[in-house]
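Colleague: What shape does this take:
(chains A and B)
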Amino acid sequence: MLMTSDIRGGTVFKSGDDVVVVQRMLGIKAGRAGQVKKLRVKNILTGQTSELGLDMGEKFEEVHLDFHKMKLSYVDGDTYIFMDQESFEQYELSKEDLGDNVGYITPEDDFEVEVAFYDEKPVSVTLPTAIVRTITYCEPGIKGDTSGKTQKPATLDTGIQVSVPLFCEIGTKIKLDTRDGSFIERVK
Amino acid sequence: MRIDILCKVVDNFGDIGFVYRLARALSELGAGIELRLIVDDLSAFHAIFPGVDPTKDLQVLGTWTILSWGLPSELVRMERPRIVLECFACGRPDWYEDILFDPSDSERRTILSVEHLTAEPWAVEFHRLVSATRSALVRKWMFMPGFQAGTGGLIAEKGLEARIASWRDPASRPRLRLELAGSAGVALPLAAEDSYWLTVFSYEHDYSRIVSELADFASTRPLLVLVAAGRSSVCFVDAWRGAGEAFPIVKLPFLDQESWDEFLLASDFAIVRGEDSVARAALCGLPFLWHAYLQDGAHQVVKVRALLDRMWPHFGEGDFARYEELSIAFNDRLEDKPSVRGEESIISLLHRDLEIKEGFRAFSGELRQLGNLAANLVTFLGEIV
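Modeller: Model (predicted):
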């Protein structure tokens, strides 16, 4: 069984008779007994997308998926083409299917991702929990502030914005948690 | 329509207080509503509603059937759940889960996840949002109480408007206070029915500065502080003793919910905690200072600010600035304990008694326009069941 707390971008689970994949985490809020989440999900069987709210009390059936390690080969418009590193076969996923993960990967990356297959079709991508990216823009760094408690916005080489500690500068490489985009540490 | 209400008591009496209030308001709607309340702490339920016998795993009180969370119920197995209100993401007892998700049951079941009260904008986003379960026959939605349009509103029982009106009538207020104190077994100091009543019901807090300011306030007009039983009682009384007992106080016994509601209505100002009492104070137009439930990283301040955002249009600029400063100073902390120094100032706000009363009353008017949460909930059930 899958608990609500296990559900994140890319998770595939059974909602009633439907099989859905989480495309985006639209909001995670502090409810009374833990988080409440708002998700955008895609029904794998019908292709329809919808929004769902989840509290912490629910359990879901896991869906049998096949996972293949792949690398993002190239991007063609809104289509992301992944290559199986063993068979060299290529598979397409739409930008919408990748959801929030789009902001963390580029074809230049050397890390592999796991592409989930349902009924022999690629349905979602799971990234490594921690990845390294480079800051391409942020306000100048403040030396001496190493606490990390105060943060500022920074643009990454993938184009997304995240929050980073004040000491970060343009060109700084940072390790990020891909589950929520939070800063983990500076990479030397 | 049979509705099961599930409740796990986590924070003293706030959860069960909400559930009791909701059950009462649902029953008042009539419409053949039959309730089953499944509660994990019947002693807490008994404390706020003495009609409940904490020793009985199954009891019938009027149109309510009250069941113990811990004991599998044959009754629920015979009369299966069809509509379930899951309060504050309390989950479900295992035995109830088995019945609810029994694959041999071919009828549809509906769960509403009734979340906690918040003034944050996300309450609107999540209200009536479709949720999910592992069964196509068990459908679930989110239902958010709230302080703003687009939420389920707050619980308002029948006759509340009339009671608010009679408590606001200056001619009847002193008599009502005397009657209330008499019925609750509370001995009032002489002529205290005409005093300014300030009620204290919070979490642990350093009250030394507030008490010192109340002593100054008491030199300008007669003051009575009613100290509710519970976590703030010792802190307040210690601070009061430390300041030379400069004004009269009355220690309230533990009160059932109906008596507590009346003492709030009888007050001129209240320091309230949690969600149920703040909702009540806001709905009744009672000037209040909210002590929000402490959360990780002082997240309670976000919740306080969100409530302030709803309130400010009803206050003059200066009064709101004073109220905002007081509310944030009172709540911005990582721990609730009397050793964390309380720096907040209350006196300038109390001196603006008439003006702030107007503001709180106007806010309460807006809240009451949202409709009764119980009625809103039944209307929503009518749309989805």
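Colleague: okay, CA-based contacts and neighbour counts for the rest of this
Modeller: Noted.
Colleague: For my notes, confirm residue A:19 occurs in a strand.
Modeller: Yes: using DSSP: H, G, I helix; E, B strand; the rest coil, the assignment for residue A:19 is a strand.
Colleague: partners of it in the sheet?
Modeller: residue A:14 (DSSP bridges).
Colleague: How about the secondary structure of the residue nearest the centre of chain A?
Modeller: Chain A has residue A:101 as the residue nearest its centroid, 3.3 Å off, counting by CA atoms, centre = their mean. Here residue A:101 is recorded as helix under three-state DSSP.
Colleague: ok, now which ones touch it?
Modeller: By CA atoms under 8 Å, 6 or more residues apart in numbering or on different chains, the residues touching residue A:101 are A:9, A:125, A:126, A:127, A:178.
Colleague: try residue A:95
Modeller: Residues near residue A:95 by CA under 8 Å, 6+ apart: A:78, A:79, A:80, A:102.
Colleague: Equivalent analysis for residue B:218, please.
Modeller: Residues in contact with residue B:218 (CA under 8 Å, 6+ apart) are B:246, B:247.
Colleague: switch the cut-off to 7 Å
Modeller: residue B:247 (CA atoms under 7 Å, 6 or more residues apart in numbering or on different chains).
Colleague: try residue B:178
Modeller: Contacts of residue B:178 by CA under 7 Å, 6+ apart are residue B:193.
Colleague: Can you report how many residues lie near the residue lying closest to residue B:7 once chain neighbours are set aside?
Modeller: In space, and not counting its chain neighbours, residue B:7 is closest to residue B:39: 4.9 Å by CA to CA, 6 or more residues apart in numbering or on different chains. Neighbour count of residue B:39, defined by other CA atoms under 10 Å in any protein chain shown: 23.
Colleague: Wait, residue B:39 touches residue B:67, no?
Modeller: Yes: assessed by CA atoms under 7 Å, residue B:39 is found in contact with residue B:67 at 6.4 Å.
Colleague: any idea how far the nearest residue to residue A:20 once chain neighbours are set aside is from chain B?
Modeller: Closest residue in space to residue A:20, ignoring its immediate chain neighbours: residue A:43 at 4.4 Å, by CA to CA, 6+ apart. For residue A:43, the distance to chain B equals 13 Å [CA to the nearest CA, to the nearest Å].
Colleague: The contacts of residue A:101 into CSV, with extra columns for distance to residue A:62?
Modeller: Listed next are the contacts of residue A:101 as CSV, based on distance: CA to CA, whole Å:
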residue, distance to residue A:62
A:9, 15
A:125, 16
A:126, 15
A:127, 19
A:178, 21
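Colleague: Name all residues that make contact with the residue lying closest to residue B:70 once chain neighbours are set aside.
Modeller: The spatial neighbour of residue B:70 that comes closest, neighbours along the chain excluded (CA to CA, 6+ apart), is residue B:40 at 6.5 Å. Shown in contact with residue B:40 (CA under 7 Å, 6+ apart): B:7, B:8, B:9, B:68, B:69, B:70.
Colleague: Let me know the helix or strand that residue B:18 is in.
Modeller: Following DSSP states H and E, one finds residue B:18 within helix B:14-28.
Colleague: any chance you could map the strands in the stretch 151-300 of chain B?
Modeller: B:196-200, B:223-227, B:249-251, B:269-273, B:288-291 (DSSP state E, counting those that start in this stretch).
Colleague: Reformat those as a markdown table; add mean pLDDT, mean neighbour count and distance to chain A.
Modeller: Compiled in a markdown table, those are given as follows (pLDDT from 0 to 100; neighbours: other CA atoms under 10 Å in any protein chain shown; distance: least, CA to the nearest CA, whole Å):
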| stretch | mean pLDDT | mean neighbour count | distance to chain A |
| --- | --- | --- | --- |
| strand B:196-200 | 98 | 23 | 24 |
| strand B:223-227 | 98 | 22 | 27 |
| strand B:249-251 | 98 | 17 | 30 |
| strand B:269-273 | 97 | 23 | 15 |
| strand B:288-291 | 97 | 26 | 16 |
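Colleague: and stretch A:155-174, average pLDDT?
Modeller: Throughout stretch A:155-174, pLDDT has a mean value of 93.
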